[in-house]
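# generate a structure from the sequence data that follows.
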Amino acid sequence: MVKVARIILLLLTAALVSCGGGGGSGSPPPPPTASALDLFDSLWADFDLNYSFFALKGTDWNDSQSRFRSRLTSASSDSVLFDVLSEMLLELEDPHVRLNTPVGDSSYTGWFDQFPTNFDESIVSATYLGQGAQLSPQSNMLFGQIDADIGYLRVHSLSGTGYGGDVDFALGQMAGIRALVVDLRSNGGGNDQNGRDIAARFADIMRLYRRVRFRDGPNHTDFGPFIDSFISPGGTTSFQGPIAVLINRSTISSAESLVLAFAVLPNVISFGDFTGGGSANPEQKTLANGWRYTVSRWIEFRPDGTTFEGVGIEPDIRIDISATDAAALRDTILDTAIADLRVR
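Here you go, the predicted structure:
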């Protein structure tokens, strides 16, 4: 009987330990809940310490804190907190500041939706490339020849990999061209390195094309030293003929860095509308409740030290697609670039 009692006692003890009793290593406790005010304060403080454009945009972040925090209590619902945070962040008018939650998503779109689109890929394919349009091996680019002398290369985005190889392939397929259109319209960016890989195929010598400074201190004017970026010749192909770069308001982020790289080349002229005006190098963060948001961390500059944030990069030739041309399936911006290339 004593032996049986001891066995029962051991079994009971093991059961208690497996259920977390006696300080065992069972399931971890649930994470502490954060109130709406705690979450607001956390996000506001993170931007206060790391966001790069307060001084450039003349934003009074302390005023934002007082105006928006007063609309919350510790017991405010998720939907109320989302509305308050999204409204506060939208006032920054920064396309790289985003809030993603189960309640909803918020991002600033005024950088493109208040302006003409100035691009229709279906018109380019149907009217200018026809059956000769091709996709590059990694599907990063659409390319073809407008005529025997002028090639066309459309870079959709800068996400993914294989951009250098895709340019090499496209240029190899268009080996007889004398001039080239590089269409960066509606390119939303992605990876800076992809842009440098593209630019290397057109660079003649090493050239400075941009400078950046990261936010690095508690004051809104605290920034680290300038970090310079260069393009140099690279890849298995090189094209040094006349180039027309096409841009619009939806050309943004690392695509704008690529526009800066093309801008320092002596054989390049740009056409279209201003770019979107958003650099930022954002970092994704997570609040205690799992909500995700992004914070812009740097300011990007042209080689001369001027910035384009919130304004965009101005093309050399400013032109829109006319309604008459669009109805006739013509692209005014591309037509203007082609005419220029034929006389260069």
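# now do the helices in the stretch 51-200 of the chain.
54-57, 61-69, 78-90, 110-113, 121-123, 163-173, 192-200 (DSSP state H, counting those that start in this stretch).
# just the pLDDT for the residue nearest to A261 when sequence neighbours are not counted.
Among residues not flanking A261 along the chain, A199 sits closest, at 4.0 Å (Cβ to Cβ, 6 or more residues apart in numbering). Where you see a C-beta, it was placed from the backbone N, CA and C, and this is true even at glycine. pLDDT, A199: 98.
# could you check how far A199 is from S232?
Relative to S232, A199 is positioned 9 Å away (Cβ to Cβ, to the nearest Å).
# more neighbours: those two, which one.
Between A199 and S232, A199 has the larger neighbour count (other Cβ atoms under 10 Å), namely 28 against 12.
# one step back: the residue nearest to A261 contacts P233, correct?
No. The criterion here is Cβ atoms under 8 Å, and A199 misses it with P233 at 9.6 Å.
# check contacts around the residue nearest to A261.
Y209, I231, L258, A261, F262 (Cβ atoms under 8 Å, 6 or more residues apart in numbering).
# what's the closest non-adjacent residue to G172?
Closest to G172 by Cβ to Cβ, 6+ apart is T237, at 6.3 Å.
# so which strand or helix has the one you found?
Here T237 is covered by no helix or strand, with elements defined by DSSP states H and E.
# didn't it look like it was pressed against G164?
No. Between T237 and G164 there is no contact under Cβ under 8 Å: 9.4 Å.
# quickly list what's touching both of these two.
Contacts common to T237 and G164, judged by Cβ under 8 Å, 6+ apart, are R201.
# more crowded one of these two?
Higher neighbour count among T237 and G164: G164, with 21 against 16, using other Cβ under 10 Å.
# for that one, give me its contacts.
By Cβ under 8 Å, 6+ apart, the residues touching G164 are D197, I198, A200, R201, G234, G235.
# narrow those to those that are buried.
D197, I198, A200, R201, G235 (16 or more other Cβ atoms under 10 Å).
# quick check, nearest of the residues you listed to Y128?
Using Cβ to Cβ, I198 is the member of the buried ones among the contacts of G164 that lies nearest Y128, at 20.9 Å.
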